[in-house]
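>>> Using only what follows, build the 3D model:
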Amino acid sequence: MQALDIIFLIVAIILIIITILQGGKSEGASGAITGGGLNVFVKTKERGVDKVMSYITFGLATVFFLLAILSNVL
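Purely as a prediction, here's the structure:
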C-alpha cells in the first residue's frame, strides 16, 4: 500500500466514526416507519458540539472526496 492509500483509509474510518457519533435529528427508525418524522425540511439550528461535529464531518468528507479524486488520477 502506498502512503496515499493509508491516509485515504484512515480518513474513511474517522469519517464513519464521526458520522455514527452525531445525534439524530429525527425520532429514529420508529418515526420513519410510522411517519412521525415528516418535518425533514424544518430548519433546525445546530449548537455547541453538534455544530463542531457538523463542521468536522464536512471537512473530512471534503478531504475524502479530494483524496478519492487524487488517488484515481495518480
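
>>> Remind me what whichever strand or helix holds Ile56 packs against, helices and strands.
Assigning secondary structure by DSSP states H and E places Ile56 in helix 49-73. Judged by 3 or more Cβ pairs under 8 Å, 6 or more residues apart in numbering; DSSP states H and E, the packing partners of helix 49-73 are helix 3-21. Heads up, the C-betas are built off the backbone N, CA and C, glycines and all.

>>> Tell me the buried residues in the helix it packs on?
Going by neighbour count (16 or more other Cβ atoms under 10 Å), the buried part of helix 3-21 is Phe8, Val11, Leu15, Ile18.

>>> Closest one to Leu67 out of those, please.
Using Cβ to Cβ, Phe8 comes nearest to Leu67 of those, at 4.7 Å.

>>> for Gly59, what are its contacts?
By Cβ atoms under 8 Å, 6 or more residues apart in numbering, no residues touch Gly59.

>>> try it again with 10 Å
If you count contacts by Cβ atoms under 10 Å, 6 or more residues apart in numbering, Gly59 has them with Leu15, Ile18.

>>> One more: the one 3 residues further on?
Applying Cβ under 10 Å, 6+ apart, we find Thr62 in contact with no residue.

>>> do Val63 as well
Val63 makes contacts with Ile7, Phe8, Val11, Ile14, Leu15, as judged by Cβ under 10 Å, 6+ apart.

>>> Does Thr47 belong to a helix, a strand or coil?
Not quite, residue 47 is Arg, not Thr. Recorded secondary structure, Arg47: coil (DSSP: H, G, I helix; E, B strand; the rest coil).

>>> ok, it to Leu21 distance?
Separation of Arg47 from Leu21 (Cβ to Cβ, to the nearest Å): 16 Å.

>>> same deal with Phe65?
For Phe65, the distance to Leu21 - Cβ to Cβ - is 20 Å.

>>> cool, and Leu9?
With Cβ to Cβ as the criterion, Leu9 and Leu21 are 19 Å apart.

>>> Poorly predicted segments of the protein, please.
Along the chain, the parts satisfying pLDDT under 70 run over 1, 24-46.

>>> Alright, that wraps it up for me.
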